[in-house]
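>>> Sequence first, then the predicted structure:
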Amino acid sequence: MILEEERHILNGREVVFRSPKIEEADMLIKYLKTVTGETRFLMCESDEVQFTTESEIEFLKEHNDSPKGLLMLAFVDGEHAGNCSFLQVGGTRRSAHRASLGIALYQKYTGFGLGRMMMERMIEIVKELGFEQAELIVIGGNDRAYHLYESLGFKETGRVPNANKYDDGTYADDIHMVKIL
Ligand SMILES: CC(C)(COP(=O)(O)OP(=O)(O)OC[C@H]1O[C@@H](n2cnc3c(N)ncnc32)[C@H](O)[C@@H]1OP(=O)(O)O)[C@@H](O)C(=O)NCCC(=O)NCCS
């Protein structure tokens, strides 16, 4: 689905939320490579981000054209600060009431409330669309994200131990969290 541009104020700074434009594909590949390199708490290593412009355009179209997903970009004073998204879980009627959420900000834009603002807006959107529960996975040790989700009403439902193995040989769990809407 498409989110038309909306303007908010956060700590005196202008925040814009909107869907991506197709011509932003390369900017979004660069974003993914950067944010995966800035933290160990995203889904892969930076060198594993292998979108081409064409495949990224397909990805953007899938989100923009489908009622079952949304990619929401945030801009702070005109600069791209991060993304938050939802996708309906699975492709069957049995899971059609579940929305899977994800978020990643550039490090520079963490810690001033933008994550909370984006998650609150995304929860509002999926609720309005009729989803009954919001779900996400947070990697063990990501205390900031865990705290944020818990304070938004997500409850831990289980862990996959050592779900992530890093290049340095260390491990981290996947923590599953659910919020009933
Ligand atoms: C996780 C993320 C979305 C949070 O967004 P954010 O804008 O940085 O977070 P906020 O500034 O809204 O603060 C979140 C809360 O965590 C708290 N917090 C910060 N660091 C913390 C820590 N180490 N332990 C516990 N809580 C912490 C803050 O005080 C705040 O709580 P409060 O609102 O009750 O005061 C953002 O930091 C991010 O994108 N990080 C990199 C990628 C990532 O980890 N994505 C999530 C994958 S599941």
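Looks like it came in fine.
>>> what's the helix or strand containing Gly102 packed up against?
In this structure, Gly102 is located in strand 98-105 according to DSSP states H and E. Contacts defined by 3 or more CB pairs under 8 Å, 6 or more residues apart in numbering; DSSP states H and E place strand 98-105 against strand 79-88, helix 114-128, strand 133-139. (C-beta placed from N, C-alpha, C; glycine too.)
>>> And those: which comes nearest the ligand?
The closest of these to the ligand is helix 114-128. By CB to the nearest ligand atom, the value is 1.9 Å.
>>> For that closest one, give the mean pLDDT please.
Mean pLDDT, computed over helix 114-128, is 98.
>>> For the lowest-mean-pLDDT helix or strand in the chain, list every residue counted as buried.
Least confident helix or strand of the chain, by mean pLDDT, DSSP states H and E, is helix 53-65 with a mean of 93. If you call a residue buried by 16 or more other CB atoms under 10 Å, then helix 53-65 has these buried ones: 56-57, 59-60, 63-64.
>>> contacts for that helix?
For helix 53-65, contacts defined as CB atoms under 8 Å, 6 or more residues apart in numbering pick out 1-2, 19-20, 22, 24-26, 28-29, 51, 69-71, 85, 87.
>>> nearest to Asp77, of those?
For the contacts of helix 53-65, the residue nearest Asp77 by CB to CB is Glu24; the value is 17.5 Å.
>>> With just CA atoms, put stretch 25-32 into CSV.
Provided in CSV are the C-alpha atoms of stretch 25-32 (Å, rounded to 0.1, in the frame of the first residue of the first chain):
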residue,chain,number,x,y,z
ALA,A,25,15.8,2.3,-5.3
ASP,A,26,19.6,3.0,-5.2
MET,A,27,19.3,5.2,-2.2
LEU,A,28,17.5,2.3,-0.4
ILE,A,29,20.2,-0.3,-1.4
LYS,A,30,22.8,2.1,0.1
TYR,A,31,20.7,2.5,3.2
LEU,A,32,20.4,-1.3,3.6
